[in-house]
Every structure is written in structure tokens, then in C-alpha cells.
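Participant: Sequence below, structure please.
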Amino acid sequence: MQIRLSGPKAAMVFSRYIQLGYRNQSNMDHIPDAESVRKAYELELLDSTGQKVKFGTLIGDTGRTVVVFIRHFFCGSCQAYVSQLAQIKGDALEIAHVRLVVIGCGNYQPIKEYEQKTGYKKAIYTDATRALFKHFGLIESLEVTPSDQPMKSYLAGRSRLANTLSSIWNGPLQHPHHIGKQGKFSQLGGDFIFGPDSHCSFAYRMHHTEDHTEIAELMKHAGVQLTT
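Facilitator: Model (predicted):
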């Protein structure tokens with residue numbers, strides 16, 4: 001028996017099919033080649049003042065650059081992750097010749113408050129058009145950690161309810177003037193290591209909203225020796 005779908009139902013099924021296609025493990029683990037990276041380097045981001053900056057200017061000719069794509073600026077889970085990034089000692093990064101860059105997907109106005117909330121003093125930019133997110137295959141989803149998987153360590157001791165309430169308090173309640181500027185709620189992020197030049201040595205795309213790479217693992221791939 002052949003089933004035919006049309007109208008809104010067909011569009012919904014097709015959308016779900018495409019989404020599942022992007023979740024294919026080989027796509028999620030794909031490391032961009034040099035040509036893809038060079039094209040990405042031409043895409044523009046915004047800094048905390050709204051000035052345009054080409055992505056490629058953030059990647060050095062020597063050393064490596066760890067680029068963390070976060071979700072929206074109100075996301076409490078990503079705030080917890082970036083707060084841990086902020087704790088990495090500058091000496092450890094300098095010895096390994098590694099830079100850290102965080103990229104959001106909203107407007108530029110929330111960046112300064114985000115820096116204050118997370119304690120992160122290094123570079124934060126935003127991809128308001130999400131062109132870079134799409135270029136690197138970062139998907140959209142509102143799913144949380146599957147029941148058969150452990151929570152990532154950067155969320156240890158935080159219940160999902162507490163995390164949600166914290167997100168609401170630290171986001172729209174404290175900064176109502178940023179509502180609508182935080183970025184798309186369903187956009188997921190990922191973690192990449194670029195450099196030198198157009199080389200990408202590590203790529204991890206989030207499968208759900210609580211899925212950044214463990215920081216110890218990410219720094220190990222970048223060659224950064226963390227001290228305990």
C-alpha cells in the first residue's frame with residue numbers, strides 16, 4: 001500500500017526527515033576540510049560594539065584557536081559551560097599557543113552582560129545571521145540529555161528545573177531590554193579547533209541542548225595542559 005501525504009502534514013514529515021538526516025552520526029562528526037574553512041573565514045561576525053569582524057581574522061597563522069559556538073545568550077547550560085572556560089588559566093593557553101573564542105547566535109547587545117555573568121574575559125562574538133552556524137552544520141533542537149546518557153560534568157549539581165529558572169532570571173527577567181536579541185532558542189552550538197591557517201583538527205556538534213564537549217577533553221585535543 002502506498003501512502004501519499006500532502007499539505008502541512010507532508011511539510012512536517014519532510015522537515016523531520018531533513019532534521020534526522022543532519023543527526024546522522026557521520027554528519028555530526030564531520031571535520032570541515034580546508035576549502036570549507038576558507039569559505040567560513042570570509043563570513044562576518046559582530047563584536048560587543050556591533051562592529052563587523054571576519055571570522056578568519058580570529059584564527060591565527062600559528063597555534064590553534066578553540067571556537068565554542070553557544071546557544072542563545074539566555075541559555076543557562078551554556079553560561080555554565082562558558083563559566084568553566086573562564087577558569088582556564090591564561091598561562092596554560094599561552095604555553096600551548098591556544099586562543100579561545102566564543103560565538104553566540106543573537107544580536108551583539110547582550111555580549112557585555114554575558115561576559116559579566118560568566119566571568120569570561122576573552123573574545124566573545126556573535127553570528128546574528130547564523131550563517132556560520134549553518135555553514136558548519138550546527139543543527140536546531142530543543143531536546144535535552146537522553147535518559148540513558150549521563151549529564152555533562154559542567155552541569156553537575158544543577159537540576160534541570162533550577163537551570164531553567166536560572167536561565168529565566170539571568171536572562172529576560174534581569175535584562176528585559178535584551179528580549180528578542182538573545183538568539184534563536186532552538187539553535188544548538190558546537191566546539192571546534194582551528195589553525196594554523198585553514199586547518200580544522202576537531203569538530204563536535206551538539207546533539208541536544210546540554211551537549212558541549214567536556215572541557216578537559218576539548219583542551220586535551222587543543223594541547224592545553226590543565227592544572228588541578
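
Participant: Report the buried residues of stretch 73-93.
Facilitator: 73-82, 84-85, 88, 93 (16 or more other Cβ atoms under 10 Å). Where C-beta positions appear, they are placed from N, C-alpha and C, glycine not excepted.

Participant: What's the mean pLDDT across it?
Facilitator: Throughout stretch 73-93, pLDDT has a mean value of 95.

Participant: Please apply the same query to stretch 101-120.
Facilitator: 96.

Participant: quick one: that stretch to chain centroid distance?
Facilitator: When distances are taken as Cα atoms, centre = their mean, to the nearest Å, stretch 101-120 is centred 12 Å away from the chain's centroid.

Participant: what secondary structure does residue 134 sit in?
Facilitator: Assigned with DSSP: H, G, I helix; E, B strand; the rest coil, residue 134 falls in the helix class.

Participant: Could you tell me the model confidence score at it?
Facilitator: 97.

Participant: Okay, it and residue 35: tell me how far apart.
Facilitator: 17 Å (Cβ to Cβ, to the nearest Å).

Participant: between those two, who's got more neighbours?
Facilitator: residue 134 (14 against 9; other Cβ atoms under 10 Å).

Participant: State the distance from that one to residue 190.
Facilitator: Taken as Cβ to Cβ, the span from residue 134 to residue 190 is 12 Å.

Participant: and if you look at residue 79?
Facilitator: 17 Å.

Participant: for residue 105, same thing?
Facilitator: Applying Cβ to Cβ to residue 105 and residue 190 gives a distance of 11 Å.

Participant: what touches both of the two?
Facilitator: residue 69 (Cβ atoms under 8 Å, 6 or more residues apart in numbering).

Participant: which residues are contacting stretch 84-100?
Facilitator: Contacts of stretch 84-100 (Cβ under 8 Å, 6+ apart): 58, 60, 62-66, 68, 102, 118-123, 154, 215, 219, 222-227.

Participant: Could you list the low-confidence segments of this protein?
Facilitator: By pLDDT under 70, the low-scoring segments of the chain are 1-27, 159, 161-177, 228.

Participant: Show me the buried residues of stretch 73-93 that map onto helices.
Facilitator: Of the buried residues of stretch 73-93, the ones assigned to helices by DSSP state H are 76, 77, 78, 79, 80, 81, 82, 84, 85, 93.
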